[in-house]
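In: here you go, sequence then predicted model.
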Amino acid sequence: MVSEKSHLGNQQEPVQEEPKTYLLSMTARRGPRSLPPIPSTSRTGFAEFSMRGRMREKLQAARSKAESALLQEMPTPRPRRLRSPSKKELETEFGTEPGKKVESTQQEIDSQSHSRVKFRDSARKIKPKPQVPPGFPSAEEAYNFFTFNFDPEPEDSEKKTKASHREGTNQEEEEGEEEEPPAQGGGKETDEEELLNGDDAEDFLLGLDHMVDDFIAVRPADYESIHDRLQMEREMLFIPSRQAVPTYKKLPENVQPRFLEDEGLYTGVRPEVSRTNQNIMENRLLVQDPERRWFGDDGRILALPNPIKPFPSRPPVETQELSIKGELETMYKKAVKYVHSSQHMIRSGDPPGNFQLDIDISGLLFTHHPCFSREHVLAAKLAQLYDQYLARHQRNKAKFLTDKLQALRNAVQTGLDSEKPHQSPDTIQKTINDYKSEIRQTRKLRDAEQEKDRTLLKTIIKVWKEMKSLREFQRFTNTPLKLVLRKEKVDQKADEEAYEAEIQVEISELLEEHTEEYAQKMEEYRTSLQQWKAWRKAQKAKKKKRKQAAEEHPYDETEEPYPEEDLVKPIPPEPTDRAVIEQEVRERATQSRRRPGEPMLVPELSLAGSITPNNQCPRAEVLRREDVKKRSLYLKVLFNNKEVSRTVTRPLGADFRVHFGQIFNLQIVNWPESLALQVYETIGHSGPTLLAEVFLPIPETTVFTGRAPIEEMEFSSNQHVTLDHEGVGSGVPFSFEADGSNQLILMTSGKVSHSVAWAIGENGIPLIPPLSQQNIGFRSALKRADAISSIGTSGLTDMKKLAKWAAESKLDPNDPNNAPLMQLISVATSGESYVPDFFRLEQLQQEFNFVSDQELNRSKRFRLLLLRSQEVPEFRNYKQIPVYDREIMEKVFQDYEKRLRDRNVIETKEHIDTHRAIVAKYLQQVRESVINRFLIAKQYFLLADMIVEEEVPNISILGLSLFKLAEQKRPLRPRRKGRKKVTAQNLSDGDIKLLVNIVRAYDIPVRKPAVSKFQQPSRSSRMFSEKHAASPSTHSPNHNADYPLGQVLVRPFVEVSFQRTVCHTTTAEGPNPSWNEELELPFRAPNGDYSTASLQSVKDVVFINIFDEVLHDVLEDDRERGSGIHTRIERHWLGCVKIPFSTIYFQARIDGTFKIDIPPVLLGYSKERNMILERGFDSVRNLSEGSYITLFITIEPQLVPGESVQEKFESQEDEKLLQASEKFQAECAFKFPNRQCLTTVIDINGKTVFITRYLKPLNPPEELLSVYPNNLQATAELVARYVSLIPFLPDTVSFAGICDLWSTSDQFLDLLAGDEEEHAVLLCNYFLSLGKKAWLVMGNAIPEGPTAYVLTWEQGHYLIWNPCSGHFYGQFDTFCPLKNVGCLIGPDNIWFNIQRYDSPLRINFDVTKPKLWKSFFSRSLPYPGLSSVQPEELIYQRSDKAAAAELQDRLEKILKEKIMDWRPRHLTRWNRYCTSTLRHFLPLLEKSQGDDVEDDHRAELLKQLGDYRFSGFPLHMPYSEVKPLIDAVYSTGVHNIDVPNVEFALAVYIHPYPKNVLSVWIYVASLIRNR
Amino acid sequence: MTTASPSVFLLMVNGQVESAQFPEYDDLYCKYCFVYGQDWAPTAGLEEGISQITSKSQDVRQALVWNFPIDVTFKSTNPYGWPQIVLSVYGPDVFGNDVVRGYGAVHVPFSPGRHKRTIPMFVPESTSKLQKFTSWFMGRRPEYTDPKVVAQGEGREGAVFSIHGLTPPRPLASVRIKET
């Protein structure tokens, strides 16, 4: 269709050409006629109401009508062509008439464009016509609309011109009316308008424009005359005047201004505002706010007191850089060792508390010194005067009194003026009188003050003049003092007026006073006159009566009236004496006051003057100066009359000042009795002379460091010094005058500036001795009133006195500054005991406490919650704390309370032995304190703990990964890949497994063929089958014959038990079995807590037991042999290997060959020594005899062992040494990162100690030395055995993996527990004292991991000692558990292994070779001679044999009970005879240390227990607690025999060694009677 | 330890993880779990769940709608340790590796009724630019060892203090949970 249309358009183009141009011109002409928008909008747009708008609307409506008509019309040609015009007619909304018109025009058009339409018709006929909703153009119509070409019509154009013409006339109303028909006509005009749709919008706008300018009215511009404007402005604007506002305006009607200050109320000082500004503001406020809210009672604007302080409260900071540097200089001090090294140690007592008094001596200033020159004397005087002046000026008493006077006068005035109805005239009179008397007093005071001020000023000036003249006279200056008098101009006239007014007021007051006085006197006079008259009358009457006594009476009479006469006399002159008074007043005023108009003089003293340099001075002066330079001073601090410290010696400055700036911290125990400073002076090289002593007051308990002000204490000495130079000396007369008159005697004097205060401890508690220590009664009573004395009056003595003083000094009680004092006084006078002057910091705390403290303590639930949040071990993982108290059982707390109770009580139930109980307690306490110390550090998370992040690939990793790309997919030699490590955070029960791979064993003891007596007939039948074999010989030749070749020597299997889970391998055969089996044991952490700390403290041990499986034929009747097999399996314990879980945890895997711990006597078994000939190490064979087992143990998944906290610990060591050790370690770690290098370790107090301090020869117990006095080697073995008998307790267990603590040997022996280091240190120290060359070897061993061994140099070879087992190995022993060596430590040096290999087999132990061993102390850093931390010698108590015996009995009993417990289903019989035999045997074993007793023992046993089948063995252990012994017995499985007639024997022997080291032997045996 | 029926109170949580706004990412799934104190124990329902993978809606909101139901009941004796829902959102990165897109946590509402919560989500940042690049390249972004740490204060506090370069978590988007 589209192509057709385009085709059509193309065809018509040539025809269209001409009409198009015509059409364009038409549009231009038609423009003004506005074009209606689309019909829908045109019908809704009648909202405008203006006439014009309405007209336009109408016009538009008409047009749109026409438009819509057109639109409707559009399809009409088509229907007509389809011959259905009638239908279309109905659709149009127009009347029939227009419709016809349209039709007619349509026909016209049709006829004109006939040819084209026809063409289109043909096309239209092909297409079916789509249904179009009415009112919408169909697609075809739209097409027509855009493409139809209309032929121009002459009529049409005419109409257009007409229309445009009409519109131009601007006739609105008629135009609209008339417009309609033509518009309709236009509507009928075919499609022309449609074509111009786009342009019409423009036309519409144009039309509008046209109409707008018709409505603009043009008027002349407004003008306001300047007069009007001013008038208006006057109405609008307000300019406040600067005139003062009369008071009545500011106050409400008929109210007199009231002056609060005059009434005695405190008002404070108003801030300064200039008068004009105040006036402006007042005027403004009056206009704005007619209610006068802004004005106070006194008619002034309300104002707060001036907030600005008269002097700065911040301490002045000197701006000079130098001084700042000096003040900020940091001083480094080495920490002082604290006295109480271990507060938990059982021995240490609690020291008395220390208190501290800080004495700060900042400096010294001489007010006179023998070396003062005359000028100095004057300068000192001047300075003193000036200080006085400043002080007076600061107080400004005169001003204060003047003000007060003024206020009082005002008050009197108001009091007289205002008639206050509510006050009786009496009271008024009374107050006025009061006022007046006060005025009098105040005036006097003021006058005195003013006079003082004036004289002071005069003296200052006089001294300054003297000084100036002196300087002129001697032609040099010594002091930088310079006085400047500043004149302050005053307004002459005002001043005079004020002066005059003041005088007048004073005169009138005086006059009044005098009249008052006069009146009073008159009154007196009158009364007295009256009296006199009365008396006279009486006298006269008497006279008449008594004439004898007339002689005396006249005398009396003359005497009597005399005073009255006298009184009468002065009456008349007084009141009239105004001139006299005035005279007096004026005189006084001139004397004491500044004359009016005289400028105010303000002296200013500065140090701006320059001192004449030495070379310009005369000789005498130079000598004086030299002398001053020679002198130096220091102060001694005396506490309770004992010298405790002294200051540094400082030279005397040219200005006679000495600066010390030292603070002395006096650590005191008691309340000080006296504190004094002694001033010492040294001249040149002579000895010091005591100048003076200054006693310091002991500070109040409220004066603390930091708050104490610097005070100046004056001192003087009565020393007489005469000098031969300019110095005036001391105590000798001298004079300023030339003639020597007016002599002065000055003594050496000065001031010490200091402060004394109590120090404040670390926790904020002041270090003041307790009040009880203050033995002086009244003082301590005062001190107790702490809160009150802190108010600020440090010289507080008596409350009453204070109140009196306050009353006298007329403190303004309303001044807020005085509030605390006033409160205090009111409290003191009212007799109330104590009103606290403090505020509570959290006064609302009470409100927020949801429960009272008592209730909190009482409630079990709260207690439980509290304990849990404190992480008390018993409650750390407590789940679901019940809601109600009643649901919590009492017993929940029982354990905890018991523990708390027992903390200090030492109970012996569990430990049997008291000493060990104490030690256990102590260990527990140390552990707690250490844990507390590291509690914060433990909650330290690393990024790796929280976030899994790939590491930054470095170049090697990148390279490797590149290589990996080229790698073979399945390499021929696969490498082991590292396992993924698991952090212990998100683990739960059952996740962790212990894998034990048992590979093989060597040299398992083999069964010894039973001697004939033992053998049962049934069993021997097999055994005898092959008798004659080349069996290897054992020690006893009689066995040879019995030994069968093909006989199974032993059938060992391995049983691994861990946390009571037991697994065992299959049974192998022969003394060198190979199992190669993997056993899997589950691991369960205590309390389900899999945190690192918890895992580290797991104390469980993996027991690897080797058993021999023995088959016993139990067939009793030989006849049944053919038909059935009845055997019993018995297992015989051969030995065990114990590996603590902590070792596995820290090592991640344990791989190696371990020596099996085989009991010294294993009845029925023997080592086949000759069988191991092929090993070939003949030389070492004897040393390493024993059985071995190869194991591989690991944890699945691999756990990340907890990092020990790498913190810097405090240290007593020299800083240099610490740095050197750090450097050394860093260097070593750089070269051989895997080799252990230790230089410093942490002692039990958590302090870093240099390691060599631990090594020092220490005496072993005498007892051990005396056993083999001549055999050094045997003694060494004995000593090693002794050390190995001290129980082993790894630090990780006791201190939860925090760090490795090293205890000294005496601590170790006190604790009787320790790990490898302690054992090794002790052993090494013993060896050193035995005279051996011994070193500590730090290295790795199996199974311990990083550990410490001891290396000794025997004649020609080295021996390596395992301190924990007491075994020793030759250097070339393959079975030595020490696998590599990191460093050697001697008592005075450390050597780090820098050889290529670190296996003891392959290295050279000669430490003198610097190429092989890198030494710590060398020529560059010589050994500084470090003192040892070890004690001088070890003191051994002899062990208590009785206690050991008791322990032995108890142990035996406990073990027997245990064995019976383990056999709940069977009867356990004890063979007493056997037990006693064993008991006799055990001491022998101890004596021989388990060697070479087997045969004798066997023989003896055979003799005694001939008819028993016996299996049993002695166990040997160091004694620590009962539990390990029980475990050991349990692990042997002796109790597992369930033969019905079995009997048991158990014997315990404890051999006590010195220092309570106990060696325990347990012999367990089972016996089966042979029948 | 306690009597036969210790008193507890129950907290029933019904709701759903409705939708998320992750303007930068698409095709995400989410995992929820609960973190609660020692005195709490779940009695019924699922403590953890992983949702389906959802794509962004095509409209303007561009929401990732899961409508993943949560239904769990806790019993407890103490409001302390009130349960928190921890959400972690995962999705593929440019290379198709599954990486974490956000962590977030919110307490289960304290009052009964319908609640709607919008949780800001964040991810830990790499500690350095280089690591950021490599982690992007290798598709192994830093992740929490356990998403539960976002509901616990202690670990993060430790991390902030001890780790240099762990920038504060970057809020990326929000997940909406509706509870009834």
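Out: Nice, thanks for sending it over. Since we're looking at a predicted model, the values are computed, not measured. Numbers count the residues shown, from 1 in each chain, chains lettered A, B, ... in the order given.

In: residue A:59 and residue B:17, how far apart?
Out: Remark: distance between residue A:59 and residue B:17 (C-beta to C-beta, to the nearest Å) = 65 Å. C-beta here means a position set from N, CA and C on the backbone, and glycine is covered the same way.

In: what's the weakest-modelled helix or strand in chain A?
Out: Sorting the helices and strands of chain A by mean pLDDT, DSSP states H and E puts helix A:1017-1023 at the bottom, at a mean of 35.

In: helix or strand right after it?
Out: strand A:1052-1058 (DSSP states H and E).

In: quick one: strands adjacent to that next one?
Out: Its sheet considered, strand A:1052-1058 pairs with strand A:1061-1064 (antiparallel), strand A:1101-1113 (antiparallel) by DSSP bridges.

In: out of the ones you listed, nearest to residue A:1549?
Out: Closest to residue A:1549 of the strands paired with strand A:1052-1058 is strand A:1101-1113 (C-beta to C-beta; 23.0 Å).

In: show the average pLDDT along the closest one.
Out: Averaged across strand A:1101-1113, pLDDT comes to 83.

In: so for the helix or strand following that strand, mean pLDDT?
Out: Counting by DSSP H and E, the next helix or strand C-terminal to strand A:1101-1113 is strand A:1127-1140. Averaged over strand A:1127-1140, pLDDT sits at 81.

In: what's strand A:1127-1140 packed up against?
Out: Secondary-structure packing of strand A:1127-1140 (3 or more C-beta pairs under 8 Å, 6 or more residues apart in numbering or on different chains; DSSP states H and E): strand A:1101-1113, strand A:1149-1156, strand A:1187-1196, strand A:1508-1518, helix A:1522-1532.

In: figure out which of the strands paired with strand A:1052-1058 is closest to residue A:306.
Out: Nearest to residue A:306 among those is strand A:1101-1113 (83.1 Å), distances taken as C-beta to C-beta.

In: now that closest one: buried residues?
Out: Buried residues in strand A:1101-1113, defined by neighbour count with 16 or more other C-beta atoms under 10 Å in any protein chain shown: A:1101, A:1102, A:1103, A:1104, A:1105, A:1106, A:1107, A:1108, A:1109, A:1110, A:1112, A:1113.

In: wait, the second one sits on residue A:1056?
Out: Yes. With contacts defined as C-beta atoms under 8 Å, residue A:1102 counts as touching residue A:1056 at a distance of 6.6 Å.

In: which neighbours do the two share?
Out: Contact criterion C-beta atoms under 8 Å, 6 or more residues apart in numbering or on different chains; residues shared by residue A:1102 and residue A:1056: A:996, A:1081.

In: enumerate the positions of stretch A:1259-1277 that are buried.
Out: Of the residues in stretch A:1259-1277, A:1260, A:1261, A:1264, A:1265, A:1275, A:1276, A:1277 count as buried by neighbour count, 16+ other C-beta under 10 Å.

In: could you look up the SS state of the most centrally placed residue in chain B?
Out: The centre of chain B sits closest to residue B:87, judged by C-alpha atoms, centre = their mean, with a distance of 1.4 Å. Applying DSSP: H, G, I helix; E, B strand; the rest coil to residue B:87 yields a three-state assignment of strand.

In: was I right to think it contacts residue B:101?
Out: No. The criterion here is C-beta under 8 Å, and residue B:87 misses it with residue B:101 at 10.7 Å.

In: quick check: neighbours shared by those two?
Out: Taking C-beta under 8 Å, 6+ apart as the criterion, residue B:87 and residue B:101 both touch residue B:121.

In: which SS class is residue A:1540?
Out: The local conformation at residue A:1540, judged by three-state DSSP, is coil.

In: what helix or strand is the closest residue to it other than its chain neighbours on?
Out: Using C-beta to C-beta, 6 or more residues apart in numbering or on different chains and skipping the chain neighbours, the partner closest in space to residue A:1540 is residue A:1466 (7.8 Å). Counting by DSSP H and E, there is no helix or strand that carries residue A:1466.
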